[in-house]
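In: here are the coordinates; sequence isn't available:
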DNA sequence: AGGTGAAGTGGACACGGTGTCCGGTTGCAC
DNA sequence: GTGCAACCGGACACCGTGTCCACTTCACCT
């Protein structure tokens, strides 16, 4: 991996910041490569050089925010990090994810709508984490339960609930209850 | 509502059966209006006369199968229908939905991928049903919980789990456990 | 049976987004 | 300052969408 050229870096910056604004300004699911290229003031070819599609740009933006949480899950203090009982860690995870979604739904919608969600590296991470918690908690068939428990965190679901007037706080409470009830 | 003309009925039939085969034959999310028109041997204009988009055709096909379940929920024998305690009815509902998905994933994927799911009448029905059960079960904040509990039934999630090797039976067991544990 | 008007049909059209390709430009190392 | 490799951006061909309208088919009425 050789050093990035100056003009390339400049354009990457322009693209990311323009995309970030676009995702926030309109329905993220309707943002096109052409939109982003125009907003960033670069050619479409330049865009495709680095990103194969719109979703991957949103993913790149979202990744930054997710990295922090992933780090905390691995080596932060309990109950998010190791050290607390699994159901408490699950509740803490739910809370953190709800907050993350609350702040970045637009990016999440741009990145992981529909089936694309499962293709992102992030989903793999969350999945591995929850799977480990379920194994530790000794529930029956963790592999069948993981995706079920992650489903409510799909950006589509979150957006719909918000649209229906369910606040993030109420959602967090519901998820926490769910996590707690799973213990035993 | 006047009677349907003979040629119209004939075409409707051709369209639905051609669409049904197409959804089963390839990834339902990639089926286009053009595909269906060609397969049915009708013009694109004819298609648009009745259906605004591909999803609505899949929805029409899926509806038939869903009608039966909806009827049972309303007036069938317990535990699916009225008469059993709410958590048992929820478990029965989960089981029935898993079976429905098992048989018709392709249609469900064509009909309700991503956010479109919440726009269908069917989702409203499931939602109302589960909401009523949750109210009856006296859980805290049913409105915050209902979409959370329906999220695992999203076609995308089901398809992903199947792809990962989780059988419908295992999924059903997991969902049943979830429903039962909510009782308390 | 034949005429008539309304319902239904289908293909042509304009549009917008995709992804690729390549001649021209820019930056960096020497 | 020169050479080359990385990078840029617009043009191009393609595909799916949704609309529009001249034409066909049906069902009803006499």
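Out: The structure has been received and is ready for your questions. Quick caveat, the model's predicted, so the values are computed rather than measured.
In: Show me which positions of whichever strand or helix holds residue A:69 end up buried.
Out: Taking DSSP states H and E as the definition, one finds residue A:69 inside helix A:54-75. Of the residues in helix A:54-75, A:54-55, A:57-62, A:66, A:69-70, A:73 count as buried by neighbour count, 16 or more other C-beta atoms under 10 Å in any protein chain shown. Placement of C-beta: from N, CA and C, glycine included.
In: Tell me which helix or strand the residue nearest to the spatial centre of chain A sits in.
Out: The centre of chain A sits closest to residue A:108, judged by C-alpha atoms, centre = their mean, with a distance of 5.5 Å. Taking DSSP H and E as the criterion, residue A:108 maps to helix A:86-112.
In: next SSE after that helix?
Out: On the C-terminal side of helix A:86-112, the closest following helix or strand by DSSP H and E is helix A:121-137.
In: Other residues contacting the very next helix or strand once past that following helix?
Out: Moving toward the C-terminus from helix A:121-137, the next helix or strand (DSSP H and E) is helix A:142-150. Residues outside helix A:142-150 that contact it (C-beta atoms under 8 Å, 6 or more residues apart in numbering or on different chains) are A:90, A:123, A:126-127, A:130-131, A:134-135, A:139, A:178, B:152, B:157, B:160-161, B:164, B:166, B:170-171, B:173-175, B:177-178.
In: Filter those residues down to the buried ones.
Out: Applying 16+ other C-beta under 10 Å to these, the neighbour count classes A:90, A:123, A:126-127, A:130-131, A:134, A:139, A:178, B:152, B:157, B:160-161, B:166, B:170-171, B:173-175, B:177-178 as buried.
In: one step back: which one of the buried residues of helix A:54-75 is nearest residue B:46?
Out: Proximity of those to residue B:46 was ranked by C-beta to C-beta; the top entry is residue A:54 with 32.8 Å.
In: Return the distance of the closest one relative to residue A:43.
Out: When C-beta to C-beta, to the nearest Å is applied, the distance between residue A:54 and residue A:43 equals 16 Å.
In: before we move on, what about residue A:163?
Out: 36 Å.
In: Kindly report the same for residue A:171.
Out: With the distance defined as C-beta to C-beta, residue A:171 ends up 42 Å from residue A:43.
In: got it, and residue A:114?
Out: On the measure of C-beta to C-beta, residue A:114 and residue A:43 end up 29 Å apart.
In: So those two - more neighbours on which side?
Out: residue A:114 (22 against 12; other C-beta atoms under 10 Å in any protein chain shown).
In: surely the more buried one meets residue B:116?
Out: No. Distance between residue A:114 and residue B:116: 9.1 Å, which falls outside the contact criterion (C-beta atoms under 8 Å).
In: what touches both of these two?
Out: Taking C-beta under 8 Å, 6+ apart as the contact definition, residue A:114 and residue B:116 share no neighbouring residue.
In: Let me know the helix or strand that the residue lying closest to residue A:83 once chain neighbours are set aside is in.
Out: Nearest non-adjacent residue to residue A:83, counting by C-beta to C-beta, 6 or more residues apart in numbering or on different chains: residue A:77, 7.4 Å away. In this structure, residue A:77 is located outside every helix and strand according to DSSP H and E.
In: again with residue A:52
Out: Here residue A:52 sits in a region with no helix or strand, counting by DSSP H and E.
In: how far away is it from residue A:45?
Out: In this structure, residue A:52 and residue A:45 are 13 Å apart, going by C-beta to C-beta.
In: Repeat that for residue A:27.
Out: From residue A:27 across to residue A:45, the span is 26 Å (C-beta to C-beta).
In: repeat for residue A:163
Out: Residue A:163 sits 37 Å away from residue A:45, taking C-beta to C-beta as the criterion.
In: And for residue A:67?
Out: Residue A:67 is 29 Å from residue A:45, where distance means C-beta to C-beta.
In: tell me, how many neighbours does the nearest residue to residue A:102 once chain neighbours are set aside end up with?
Out: Distances taken as C-beta to C-beta, 6+ apart put residue A:168 closest to residue A:102, at 4.3 Å, once the chain neighbours are dropped. Per other C-beta under 10 Å, the neighbour tally for residue A:168 reads 17.
In: How about residue A:62, nearest residue that isn't a chain neighbour?
Out: The spatially closest residue to residue A:62, leaving aside those adjacent along the chain, is residue A:107, at 4.4 Å (C-beta to C-beta, 6+ apart).
In: Residue A:126 too?
Out: Leaving aside its chain neighbours, residue A:126 sits nearest to residue A:150 (6.0 Å; criterion: C-beta to C-beta, 6+ apart).
In: swap in residue A:46?
Out: Beyond its immediate neighbours in the sequence, the residue positioned closest to residue A:46 (C-beta to C-beta, 6+ apart) is residue A:11, lying 6.0 Å away.
In: distance of that neighbour from residue B:41?
Out: Taking C-beta to C-beta, one finds residue A:11 at 49 Å from residue B:41.
In: Residue A:108 too?
Out: Plainly put, residue A:108 is 42 Å away from residue B:41 if you go by C-beta to C-beta.
In: Check residue A:30 too.
Out: For residue A:30, the distance to residue B:41 (C-beta to C-beta) stands at 33 Å.
In: same check, this time on residue A:69
Out: For residue A:69, the distance to residue B:41 under the criterion C-beta to C-beta works out to 53 Å.
In: Over to residue A:25?
Out: As judged by C-beta to C-beta, residue A:25 and residue B:41 stand 44 Å apart.
In: Check residue A:137 too.
Out: For residue A:137, the distance to residue B:41 - C-beta to C-beta - is 56 Å.
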